[in-house]
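Asks: only geometry, no sequence info:
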């Protein structure tokens, strides 16, 4: 998944709470840091279960080696 969903809640007192969905592991923290820069400061951060799930981007490196029979 190459996109993330940001759920933003603003309370009556003006407190902003953001939940990041669809970004696993370190990718999630990149979004959190960007939001922190935009808002100005962060009171608290908690990691969800999704943070600890493996990112679904799997890369395969396959090489085919063939031996030639000479003679």
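Replies: Nice, thanks for sending it over. Predicted model, so just to flag it, every value in this text is computed and none were measured.
Asks: Now do the same for residue 23: helix, strand or coil?
Replies: coil (DSSP: H, G, I helix; E, B strand; the rest coil).
Asks: just the helices in the chain please.
Replies: 26-39, 49-52 (DSSP state H).
Asks: and residue 54, what does it touch?
Replies: By CB atoms under 8 Å, 6 or more residues apart in numbering, residue 54 lies in contact with 24-25. Quick note: C-beta positions are derived from backbone N, CA and C, even for glycine.
Asks: doesn't residue 3 make contact with residue 22?
Replies: Yes. Using CB atoms under 8 Å, residue 22 is in contact with residue 3, at 6.1 Å.
Asks: neighbour-wise, which of the two wins?
Replies: residue 22 (14 against 7; other CB atoms under 10 Å).
Asks: Now the closest residue to that one other than its chain neighbours, what are its backbone angles?
Replies: Spatial nearest neighbour of residue 22, excluding adjacent residues (CB to CB, 6 or more residues apart in numbering): residue 4 at 4.5 Å. Per-residue torsions, residue 4: phi -130, psi 150 (degrees, to the nearest 10).
Asks: pretty sure residue 4 is in contact with residue 20, am I right?
Replies: Yes. Contact status for residue 4 versus residue 20: in contact at 5.6 Å, counting by CB under 8 Å.
Asks: Find the residues that touch each one of the two.
Replies: 28, 31.
Asks: Looking at these two, which is more packed in?
Replies: Relative neighbour count places residue 20 above the other of residue 4 and residue 20, with 20 against 14, counting by other CB under 10 Å.
Asks: how about the more buried one, what does it touch?
Replies: 4-7, 28, 31-32.
Asks: rerun that using 10 Å as the cut-off
Replies: 4-7, 27-32, 35, 48, 50-51 (CB atoms under 10 Å, 6 or more residues apart in numbering).
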